[in-house]
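Novice: My questions concern the predicted model and sequence given below.
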Amino acid sequence: MFPRTGLKIARLLGIDIIINPTWLFIFALVGVSMGESYRMVFEGITLIDGNRFPQGPWSWVAGFLTAAVFFACLLAHELSHSLVARRNGIGINRITLFIFGGVAEMSKDVDSPGVEFKMAVAGPLVTFALAGSFMVLYLLAYSLDAGPVVIAPLFYLTSFNLFVGLFNILPGFPLDGGRILRAAIWKATGDLKKATRIASIGGQAVAVLVVGGGVYFMIAESPLSGIWLLVIGLFIFQLSRSAYRQTLLKLATADVSVGDIMLTGVPAVDASTSLTDLVNHYFSAYDLPVLPVTSAGAPVGVVAREDLARIDRSEWDLLNAGRVARPLSDETVVSPGTRLDEVLKTMLSRLEYLLVIEDGELRGILTRGQLTRYIDSRIKG
Ligand SMILES: [Zn+2]
């Protein structure tokens, strides 16, 4: 769901800061809207007081400078999550800024409600502290009559951080408020599945509200901010659903190794076996998409049912299993002790099968169908 790629712009506190191309769009949007706001501020003042205030291009420069400070504030928010994570033994490799904000890539999942709470609360705390600081500066500038060039940006920076802080504490997963809610229910009930379900429902409710707000803005106020809110609402909806699914998956595969669920007793096909024998004696007897091929007892590859279908029947007697076998690769060979969650992602997205080999000997096979049946039964059970 989250982008990982982009241009590395900095390394802060040992964390790579990456800018995803979609971020440029939101940066431009904020810069232009701010420039437009400043233009109106400055021109309004100009009517009263000659040339005292910057005009024309300066409002755009000021707009983009303010946008840069906005995103620096967002980055500080993300960094605070990351620093708390790191203090609790969760490594953070990179923070990516993209169209909907920032996301930190964690080396592993949070495993206690206490850590989840501390991590989630850090971001809004920093954002509200920034809002408070800008507000103090704003009030100071206002009382000193510092003029709109100083007062206007401080006003916008205060409002921006207040908005980001309030938005993030909405009680819907995956927003920070939803994580706080999940941590609280998790702590109270000890049931991560239930906590995630409730926080995800919160996330979907928040998403519906944001989409509603987006539609309202689109019609009544500013179409661009309206569309952005609408899209962000849909994104939150999707995220909260997939977060629940992710948690179920995680719980279903925790502490399970490939050896626990692999299929054993699968016949190894000798490389010299003709394709006719392969079809008549092996594939007809075993309902599997692939079968392991061995040569002198050692596993050398797999034959896939779908590969045979592409070979003309007249050649079946001429070819043997060794000729048509797919070679083994680091990705398709695992040991029985390999943890299921390590191979989960590749198996659900790309790999059809894994060969389980130990000490050069075939122990079993794990197919995607088997894996999904196992997960389904665990999730339902
Ligand atoms: Zn946050």
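Specialist: That came through fine.

Novice: in the protein, which spans are strands?
Specialist: 7-12, 15-19, 92-98, 101-106, 269-270, 290-295, 298-304, 326-327, 333-334, 353-358, 361-367 (DSSP state E).

Novice: right, so of the ones you listed, which gets closest to the ion?
Specialist: Closest to the ion of the strands of the chain is strand 101-106 (CB to the ion; 7.9 Å). For glycine as for every other residue, the C-beta is placed from the backbone atoms N, C-alpha and C.

Novice: which residue ranges form the helices in the stretch 201-350 of the chain?
Specialist: Using DSSP state H, counting those that start in this stretch, the helices of the stretch 201-350 of the chain run over residues 223-253, 258-261, 275-277, 305-309, 321-324, 340-349.

Novice: so which of the ones you listed is the most packed in?
Specialist: Most buried of the helices of the stretch 201-350 of the chain by mean neighbour count (mean count of other CB atoms under 10 Å) is helix 321-324; its value is a mean of 19.

Novice: And it, what does it pack against?
Specialist: Here helix 321-324 touches strand 290-295, strand 298-304, going by 3 or more CB pairs under 8 Å, 6 or more residues apart in numbering; DSSP states H and E.

Novice: Domain map for the protein?
Specialist: Listed by automatic domain parsing, the domain ranges of the chain are 7-253, 258-380.

Novice: Determine which of these approaches the ion most closely.
Specialist: The ion lies closest to domain 7-253 among the domains of the chain, at 3.1 Å (CB to the ion).

Novice: per-residue pLDDT, the closest residue to residue 109 other than its chain neighbours?
Specialist: Leaving aside its chain neighbours, residue 109 sits nearest to residue 250 (6.5 Å; criterion: CB to CB, 6 or more residues apart in numbering). At residue 250, the model reports a pLDDT of 80.

Novice: thought residue 225 was touching residue 217?
Specialist: Yes. Here residue 225 lies in contact with residue 217, judged by CB atoms under 8 Å, at a distance of 5.4 Å.

Novice: Poorly predicted segments of the stretch 251-381 of the chain, please.
Specialist: 381 (pLDDT under 70).

Novice: follow-up on the earlier one: as CSV, the helices of the stretch 201-350 of the chain with distance to residue 104 would be great.
Specialist: Formatted as CSV, the helices of the stretch 201-350 of the chain follow (distance: least, CB to CB, whole Å):
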stretch, distance to residue 104
helix 223-253, 15
helix 258-261, 30
helix 275-277, 51
helix 305-309, 40
helix 321-324, 46
helix 340-349, 19
